[in-house]
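Asker: coords please:
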Amino acid sequence: MSASGEPSPKSKRDASDEKILGTPPWEQPIISLILKRFFDLKFGKVNDQKQKAMEKILAAFISTINRYEFPPPPASSSAYDVSIKDRLYQLNYKRWKHVCRGTKKKSVTEVFGRTILRTIFKGVQDLLVKSEGFEESEPNVSEFFKELEKELSNDLSVILQPEEPSVKKEDSTSVDKKRKPDEDQPTNHPSQGRKRKPDSNLSPGQPHQEIKLEGLPADSTKDSEKFSIAVEDAQVLLGPETGVETKARDEKARQEERKGILTSRVVTNDREPQHMIWLTAIKEIFSKQLPKMPKEYIVRLVFDRNHKSLVLLKNSLVVGGITFRPFLGQGFLEIAFCAITSSEQVKGYGTHLMNHLKHHAQILKIFTFLTYADNYAIGYFKKQGFTKNISLDRQKWLGFIKDYDGGTLMECVIHPRIDYLKVPDMVGLQRKAIYDKIREISFSHVKHKGIIDLHKDKRGIINIAEIPGIKESGWKPQKITEEETIVFQGRMREAMQRVRDHPASWPFLTPVDPKEVWDYYEIIKDPIDLSLIEKRVDEGNYYLTREIFVADLRRMCENCRLYNKEDTEYYKCANDLEEFVNTTLFNSIIPAHLTKAPPPTTVPQPPTAPTAPPPPT
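Answerer: You can find the predicted model right below:
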């Protein structure tokens, strides 16, 4: 401050720099935390000698990162020629020069995160080998960098996940807890007299949510009151097992939002550096996902200041978005572009994004959406509540939106009182009420135990011969000699070794770690891997036939295809390994005669009448 009380030029300059570059740390988790997690994960349980060696390498690696000189960003002749990756590096380079090499002298490992760590990894590795005297061929050094590079390349790695937001737990025992009146009102619009706290409808990581049936007819309000409960898991409210899919379409996206993995922002071309980066990223996604749309047209609309973009961020990276233009005077909103990046599709992100746009439109007091959909998008928009029947007065929209050749004009009318971010919870409560009524007059939900008085062996397997009616049908157990059993066990071990040595077997060697793939066991209900199959082989009495053994291998491949998408390496490995099992393994390694069905029982024929002796000649 100057003597007159005015801010000094230096403080003004610092405030301006902070507005442009942002406040550090710029990404979570920071590099130091990433490396600490990596060390605990990979070397936390090794012997003392190796742990000390790895600690030495880690300390040298951190020191090298902090003294590493970032290379200047490449020059570009035009702003439109700069990719989102290069634009982000330009910003981070300015941050590094100002904060880490300027007057503040902050450590790189304390202000940057995985984006910069991935960018400078190779350069830091080379500098470490040259200056610190480490031999790259040394086993410990090679293992350290190989494992670290592997973790950094995996977006789902536990070392890269942001920390869970700390949330104060609310009392879950209160049933009819009333919210403050201010929290029921829309926010961020100048015409509103009262505002609610930002994101009061959905706090990431919030352990208990009070959910009420909203948007119901007036005469059903009383009945809905008794279903206002505190909920720990929204999936509990989606009803019992009925043979029909009850999970919300965007349930996975909602779970990721609660954990802080997913966030959404409404941005426009206001020259804020971070907003421009997001707009450039969503422009590239639109260009790739909408190849028939001219790129110049996409750029013009995305960066037009009359348009806004709702961007979906996953771990701070743009994975999708919707560009739209609100016509406040006409009372409708036009959707120009809507797309999710190809690597994040079929996860409910599109539905989740549209629900956020509906919520934002309610804040703007707009309750009608219009869009031109091509043939590939009509199905998506129908699922989001759009229809081809346009109820909005033609005079209100004619001349305000462009007519697209080959496009179908569709409309969605949203209800002003429905919280679209809580629709799955509301529907779940309604479904629960219906099922409770059904149970009062029906016993279809009762499950009977079935046959329970049968002896099971130590593996929990029922002896087939003890099932009533089996023996009477003429079934006889297959008889296999001890020598054949020994041969069969040996061939299975040989088969397991062949499977392990196959180039496509690497994803199946060990069980899936739920810390790295948190929703795997929610989708895959009967998991299996090569280590479990090998354990069963070693037991010697689990796989009694070739078919049972091969069925487990096929189920392992099917689980992989069920969880992963077709364009992933895991999906390809599952196909390659199953082809090997079905051809080479099934037909040539394990002897087929051990699994043949017993010969058919010979039914005695009635004796034929004796033949009369030939007449004497």
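
Asker: could you measure the nearest residue to Ile120 once chain neighbours are set aside against Val111, distance?
Answerer: For Ile120, ignoring the flanking residues on the chain, the nearest one in space by C-beta to C-beta, 6 or more residues apart in numbering is Tyr68 at 6.0 Å. The C-beta positions use only the backbone N, C-alpha and C, and glycine is treated the same way. Per C-beta to C-beta, to the nearest Å, Tyr68 is found 14 Å from Val111.

Asker: for whichever strand in the chain runs longest, packing partners?
Answerer: As assigned by DSSP state E, the longest strand anywhere in the chain is strand 317-327. Counting contacts by 3 or more C-beta pairs under 8 Å, 6 or more residues apart in numbering; DSSP states H and E, strand 317-327 is packed against helix 273-289, strand 308-314, strand 332-340, helix 349-363.

Asker: partners of it, with directions?
Answerer: strand 308-314 (antiparallel), strand 332-340 (antiparallel) (DSSP bridges).

Asker: Please enumerate the helices of the stretch 1-150 of the chain.
Answerer: 9-21, 31-43, 48-67, 84-95, 108-111, 114-131, 139-152 (DSSP state H, counting those that start in this stretch).

Asker: which residues are contacting the longest one?
Answerer: Under the criterion C-beta atoms under 8 Å, 6 or more residues apart in numbering, residues 31-32, 35, 39, 43-44, 46, 100, 107-109, 117, 120, 124, 127-128, 131-132, 134, 140-141, 144 lie in contact with helix 48-67.

Asker: ditto for stretch 96-108
Answerer: For stretch 96-108, using C-beta under 8 Å, 6+ apart, the contacting residues are 17, 21, 24, 31-32, 65-66, 68, 70, 111-112, 116.

Asker: Show me which of those is closest to Asp526.
Answerer: The closest of the contacts of stretch 96-108 to Asp526 turns out to be Ile31 (C-beta to C-beta; 39.6 Å).

Asker: need the strands paired with strand 317-327 in TSV with mean neighbour count, distance to Tyr372 and mean pLDDT, can you?
Answerer: Supplementary listing: the strands paired with strand 317-327 in TSV, determined by neighbours: other C-beta atoms under 10 Å; distance: least, C-beta to C-beta, whole Å; pLDDT from 0 to 100:
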stretch	mean neighbour count	distance to Tyr372	mean pLDDT
strand 308-314	22	18	94
strand 332-340	22	9	94
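
Asker: Any idea which of those strands gets closest to Thr510?
Answerer: Closest among these, using C-beta to C-beta: strand 308-314, at 26.6 Å.

Asker: Let me know the angle separating that closest one from helix 349-363.
Answerer: Interaxial angle, strand 308-314 versus helix 349-363 (axes from the mean of the first three to the mean of the last three C-alpha atoms, to 10 degrees): 140 degrees.

Asker: Run through the stretch 451-600 of the chain and note the low-pLDDT ranges.
Answerer: 451-461, 586-600 (pLDDT under 70).

Asker: any idea of the pLDDT on the residue nearest to Ile120?
Answerer: As predicted, Tyr68 sits at a pLDDT of 91.

Asker: contacting residues for it?
Answerer: Per C-beta under 8 Å, 6+ apart, neighbours of Tyr68: 108, 120, 123-124, 127.

Asker: what do you get for Tyr380?
Answerer: Applying C-beta under 8 Å, 6+ apart, the residues contacting Tyr380 are 338, 350, 373.

Asker: and what of Phe121?
Answerer: By C-beta under 8 Å, 6+ apart, the neighbours of Phe121 are 148-149, 152.

Asker: Check Phe386 too.
Answerer: 369, 371, 373, 410-412.

Asker: And the buried ones among those, selectable in PyMOL?
Answerer: Buried subset of these, written as a PyMOL selection, criterion 16 or more other C-beta atoms under 10 Å:
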select buried, resi 369+371+373+410+411+412
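
Asker: Give me the buried entries from the contacts of Phe121.
Answerer: Judged by 16+ other C-beta under 10 Å, buried ones among the contacts of Phe121: 148, 152.

Asker: Of the contacts of Phe121, which is the nearest to Phe508?
Answerer: Nearest member of those to Phe508, counting by C-beta to C-beta, is Glu149, at 22.3 Å.

Asker: Understood, closing this out.
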